[in-house]
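A.B. asks: Next input, structure requested:
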Amino acid sequence: MKINVPNGRGVAVFDIPDANLLGVYESSVNRVAPPADAEAEVVAALENPIGSPRLRELAKGQRNIVIIASDHTRPVPSKVIMPQMLAEIRAGNPSADITILIATGMHRGTTLEELKEKFGDEIVENETIIVHEAHDDALQTYLGVLPSGGELWVDRVAAEADLLVSEGFIEPHFFAGFSGGRKSVLPGIAGMKTVLANHCGMFIKSPKARTGILEGNPIHRDMVWAAQKIGLKFIVNVVINGEKKVMKAFAGDCLAAHAVGCDYLNRLCRIDVPKADIVITSNGGYPLDQNIYQSVKGMTAGEAAAKEGGVIVMSSSCSNGHGGESFYKFMAEMPSAKALYEQLGAIPQAETKPDQWQAQILARVMAHHDVIVLCDECSRGLVKEMGMHPVATADEAMSLAFKLKGKDATVAAIPDGVSVIVSD
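C.D. replies: You can find the predicted model right below:
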């Protein structure tokens, strides 16, 4: 059977013998027809908010309005969402001063070219846009102590807003349960020390800090507290399919609208996958697979479906390399994956280091599985230095996988690893 798996802006075609293939496992999101008019779907959500007055009503009398927007690493269809939000705000308050604040978390700053690709020229040329900088303490405001004990520092632009709202999308998230909603604040516009505290080794080790889990998730708990503390009043979040098209829009109260969106997505994304010797997966292609750092997300879907000692084949272009210098050094210098996982999990919250969470999760995956990375746009040497097996083609990937697990090895394919929740 030939299986198309996203890789960068294209696909990798895997040719799997029928005798070995257990099945192809995908989110139902890709089997539901998207609405014919994405803009109309967003407008309908704005007109019928969940647990909140309309955004135009909230905007009345508010001079300084800030919209938090996702950065270049997220496939949020901002060209669809942002114009509708701006129109809705100005329908209630034509004279409002509106600032779009790019939620980079601890990622690099979004470039002008990336902003234009995200929003279109008109918004970039006519709206005030500020890119969050987590590493500059002078740009942050202190708002208190998180439930975890970490300090909450947030971007001053957001803290000083008369009305704070956000756009984003909801997808399964490998340690926050789901993206979207409260995540626009933490880590989106939080200071570095706050992100580090929230992503600490103890929390990452928690069995509740997993894909599709919100209840009891210590990382989610901090995120909710941060969003409530800063006063995130309204969100517009969408669910997208594998082609990055809007499937459904949810608008309204930060927690209530997000919860409804997560319930909707959970019903579509939860799948049962039999344990396999070899699992093929991806990060859903561009823009989510630009580096190894982001690709760890898709690997966790493979982790959930692979037998102990199994092989994960990760289709990911990694065109921008490792994605984080600290992350790279953790992996390149590790004595073993198991030792690194234990080492990072034991670091006290107050001493959390940048990128350690991603290294901790990748080390957890690699402690139990061989990882093959199909990344013809990335340095083979780099992938090897980080403890994984680089290949340039799907055929090369499967040849190596069968060499590691034997010619009779079973194979499960999860073409888009970040769009699914693999049931236990």
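A.B. asks: Find the nearest non-adjacent residue to Q294, please.
C.D. replies: Using Cβ to Cβ, 6 or more residues apart in numbering and skipping residues adjacent in sequence, the residue nearest Q294 is L288, 5.6 Å away. Glycine gets a C-beta too; all of them are placed from N, C-alpha and C.
A.B. asks: Three-state assignment for that neighbour, please.
C.D. replies: Counting by DSSP: H, G, I helix; E, B strand; the rest coil, the backbone at L288 sits in coil.
A.B. asks: Can you tell me how far it is from I240?
C.D. replies: Using Cβ to Cβ, to the nearest Å, we find L288 at a distance of 11 Å from I240.
A.B. asks: Could you tell me which residues touch both of these two?
C.D. replies: P75 (Cβ atoms under 8 Å, 6 or more residues apart in numbering).
A.B. asks: Identify each buried residue in stretch 300-319, please.
C.D. replies: By neighbour count on 16 or more other Cβ atoms under 10 Å, the buried set for stretch 300-319 is 300-307, 310-318.
A.B. asks: Go ahead and confirm M247 touches N237.
C.D. replies: No - using Cβ atoms under 8 Å, M247 makes no contact with N237, being 11.6 Å away.
A.B. asks: Out of those two, name the residue with the larger neighbour count.
C.D. replies: N237 (30 against 20; other Cβ atoms under 10 Å).
A.B. asks: just checking, the more buried one touches A259?
C.D. replies: No - applying Cβ under 8 Å, one finds N237 not in contact with A259, separated by 10.8 Å.
A.B. asks: rewinding a little: check contacts around the residue nearest to Q294.
C.D. replies: T73, R74, P75, Q294, S295, K297, G298, V418 are the contacts of L288 under Cβ under 8 Å, 6+ apart.
A.B. asks: Under the pLDDT cut-off, which ranges of the stretch 1-150 of the chain? List them.
C.D. replies: Within the stretch 1-150 of the chain, no stretch has pLDDT under 70.
A.B. asks: can you give me the helices for it?
C.D. replies: Taking DSSP state H, counting those that start in this stretch as the criterion, the stretch 1-150 of the chain contains helices spanning 38-47, 55-59, 78-92, 112-119, 121-126.
A.B. asks: got the angle between the third one and helix 112-119?
C.D. replies: It refers to helix 78-92. For helix 78-92 against helix 112-119, the angle by axes from the mean of the first three to the mean of the last three Cα atoms, to 10 degrees is 70 degrees.
A.B. asks: Any chance you could list what contacts helix 78-92?
C.D. replies: For helix 78-92, contacts defined as Cβ under 8 Å, 6+ apart pick out 38-39, 42-43, 46, 54-60, 65, 67, 69-70, 96, 98, 100, 118-120, 123, 127, 165, 167, 236, 238, 246, 249.
A.B. asks: Distance from it to the middle of the chain?
C.D. replies: Mean-position distance between helix 78-92 and its chain equals 24 Å (Cα atoms, centre = their mean, to the nearest Å).
A.B. asks: How about the last one?
C.D. replies: Between the mean C-alpha location of helix 121-126 and the chain-wide mean there is a distance of 26 Å, by Cα atoms, centre = their mean.
A.B. asks: which helices and strands sit right next to that helix?
C.D. replies: Under the contact criterion of 3 or more Cβ pairs under 8 Å, 6 or more residues apart in numbering; DSSP states H and E, helix 121-126 touches helix 78-92, helix 112-119.
A.B. asks: doesn't F14 make contact with K2?
C.D. replies: Yes - with contacts counted by Cβ under 8 Å, K2 reaches F14, the gap being 7.1 Å.
A.B. asks: which one of the two has more residues nearby?
C.D. replies: Neighbours around K2 and F14, counted as other Cβ under 10 Å, are more numerous at F14. The numbers are 24 against 8.
A.B. asks: so that one touches N7, yeah?
C.D. replies: No - when contacts are counted by Cβ under 8 Å, F14 is not listed as touching N7 (10.4 Å).
A.B. asks: what does the helix or strand containing D222 contact?
C.D. replies: In this structure, D222 sits in helix 218-230 according to DSSP states H and E. Defining contact as Cβ under 8 Å, 6+ apart, one finds that helix 218-230 is touched by 143-144, 146-148, 150, 152, 154, 158-159, 164, 175-177, 181-186, 190, 194, 197-199, 202-204, 206, 208-209, 214, 254-255.
A.B. asks: about what we covered before: adding mean neighbour count and distance to T281 as columns, could you present the helices of the stretch 1-150 of the chain in TSV?
C.D. replies: Shown next, in TSV, are the helices of the stretch 1-150 of the chain (neighbours: other Cβ atoms under 10 Å; distance: least, Cβ to Cβ, whole Å):
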stretch	mean neighbour count	distance to T281
helix 38-47	18	27
helix 55-59	20	37
helix 78-92	20	27
helix 112-119	16	26
helix 121-126	12	34
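A.B. asks: so which of those helices gets nearest L362?
C.D. replies: Among those, the nearest to L362 by Cβ to Cβ is helix 112-119 (25.5 Å).
A.B. asks: Just read off the phi/psi values of K183.
C.D. replies: Here is the backbone geometry of K183 (degrees, to the nearest 10): phi -70, psi -20.
A.B. asks: how many other residues sit next to it?
C.D. replies: Considering only other Cβ under 10 Å, K183 is surrounded by 27 other residues.
A.B. asks: what's near enough to touch it?
C.D. replies: G168, H173, A176, M223.
A.B. asks: List the buried residues of whichever strand or helix holds Y341.
C.D. replies: For Y341, the host element (DSSP H and E) is helix 337-345. By neighbour count with 16+ other Cβ under 10 Å, helix 337-345 contains the buried residues A337, L340, Y341, E342, Q343, L344, G345.
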